[in-house]
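Enquirer: give me the fold of what follows.
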Amino acid sequence: MARNTLPLRQSPDMATQPQYYQHHVFFCLNQREPGADRPSCANCNAQAMQEYAKAKVKQLGLAGPGKVRVNKAGCLDRCEQGPVVVIYPEGTWYTYIDETDIDEIVEKHLAQGEIVERLLID
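Expert: I've put the predicted structure just below:
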């Protein structure tokens, strides 16, 4: 399999049960108190980027059952690498800065099934 394509992971149950969503996308929107020991994704425009991604997915016709769902999440515990978004079922973790990065994640990962290498986090 080419490195820039997503592997298809199947559990024994997946053979008999279809997934409700092809991709489930979670944006960390956690907000910590000022002066906290760890950063907060909410301080990095995460709410606006989640809303932008949700609108972009709808605009491209990727939203809905059997397709893509974009959700809000509380702390995903990757604070120092944030802001973060994780896409399941692959478990692919990304960071982002702006709408250009979100466009690339939506268009490449969600629409074309390609990993966006430059935005991956460990």
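
Enquirer: Pro89 versus Val57, what's the distance?
Expert: 17 Å (Cβ to Cβ, to the nearest Å). Bear in mind the C-beta positions are built from the backbone N, C-alpha and C, glycine included.

Enquirer: which one's more surrounded, these two?
Expert: The residue with more neighbours, out of Val57 and Pro89, is Val57; 22 against 16, by other Cβ atoms under 10 Å.

Enquirer: how about the backbone phi and psi for the more buried one?
Expert: phi -60, psi -40 (degrees, to the nearest 10).

Enquirer: relative to Ser40, how far out is it?
Expert: Relative to Ser40, and taking Cβ to Cβ, Val57 is found at 24 Å.

Enquirer: check Ile105 too.
Expert: 20 Å.

Enquirer: next one: Ala111
Expert: In terms of Cβ to Cβ, Ala111 sits 29 Å off from Ser40.

Enquirer: got it, and Cys75?
Expert: 8 Å.

Enquirer: now the residue lying farthest from the centre of the chain, what's its secondary structure?
Expert: When each C-alpha in the chain is compared with the mean C-alpha position (Cα atoms, centre = their mean), Gly35 comes out farthest, at 27.3 Å. At Gly35, secondary structure determined by DSSP: H, G, I helix; E, B strand; the rest coil is coil.

Enquirer: list the residues that contact Glu99.
Expert: 49, 52 (Cβ atoms under 8 Å, 6 or more residues apart in numbering).

Enquirer: show residues contacting stretch 31-43.
Expert: 27-30, 76, 79-80, 82-84.

Enquirer: next, Glu51: phi, psi?
Expert: Taking degrees, to the nearest 10 as the convention, Glu51 sits at phi -60, psi -40.

Enquirer: show me where pLDDT drops low in the chain?
Expert: Applying pLDDT under 70 to the chain flags residues 1-18.
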